[in-house]
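**Q** From the sequence below, what's the structure:
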Amino acid sequence: MTAVQAAASVQPAPPFKLALVGGGPRATYLLERLSATIGRLDAGRRLEVHVFERSGAFGAGQA
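**A** Just a heads-up that it's a prediction; the model follows:
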C-alpha cells in the first residue's frame, strides 16, 4: 500500500456536535468564547453547532 492509498483510506473523525436551544445573550456569549478556543480541537476534527431560536432574532431577542 502506498502512502497515497493509506492517506485515502483513513476515515475522517466524526465531528463534535453541539445544539443550543435559544439564541439569547448567554448563547451569543458561548458562541463567542467557543470561536475563540476552537483552535484547541485536534487536527482534522470539526465542530457542528446548531442554534434553535424560535423568534429568529439572536442576542437580546424576544422576552
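**Q** So which residues of the protein form helices?
**A** 3-9, 25-37 (DSSP state H).
**Q** Least reliable of these by average pLDDT, please.
**A** For the helices of the chain, mean pLDDT drops lowest on helix 3-9, to a mean of 60.
**Q** Give the bridge partners for the nearest residue to L41 once chain neighbours are set aside, please.
**A** Computed as C-beta to C-beta, 6 or more residues apart in numbering, the closest residue to L41 that is not its neighbour in sequence is L47, at 6.5 Å. All C-beta spots, glycine's among them, are computed from the backbone N, C-alpha and C. Here L47 shows beta-bridge partners F16, assigned using DSSP bridges.
**Q** Quick check: pLDDT value at L47.
**A** On the pLDDT scale, L47 gets 89.
**Q** What separation do you get for A36 and G59?
**A** Separation of A36 from G59 (C-beta to C-beta, to the nearest Å): 18 Å.
**Q** just to revisit the earlier point, what about the residue nearest to L41, how many neighbours?
**A** Neighbours of L47 under the rule other C-beta atoms under 10 Å: 12.
**Q** Could you pull up the residues touching it?
**A** Contact partners of L47, counting by C-beta atoms under 8 Å, 6 or more residues apart in numbering, are P15, F16, K17, L18, L34, I38, L41.
**Q** Tell me how far it lies from A60.
**A** Distance from L47 to A60, by C-beta to C-beta: 25 Å.
**Q** Likewise for A36?
**A** To A60, A36 is 21 Å away according to C-beta to C-beta.
**Q** Then E32?
**A** For E32, the distance to A60 - C-beta to C-beta - is 15 Å.
**Q** cool, and R54?
**A** For R54 relative to A60 (C-beta to C-beta), the value is 14 Å.
**Q** cool, and G24?
**A** 7 Å.
**Q** So for those two, which sits in the more crowded spot?
**A** Using other C-beta under 10 Å, the more surrounded residue of G24 and A60 is G24, with 17 against 9.
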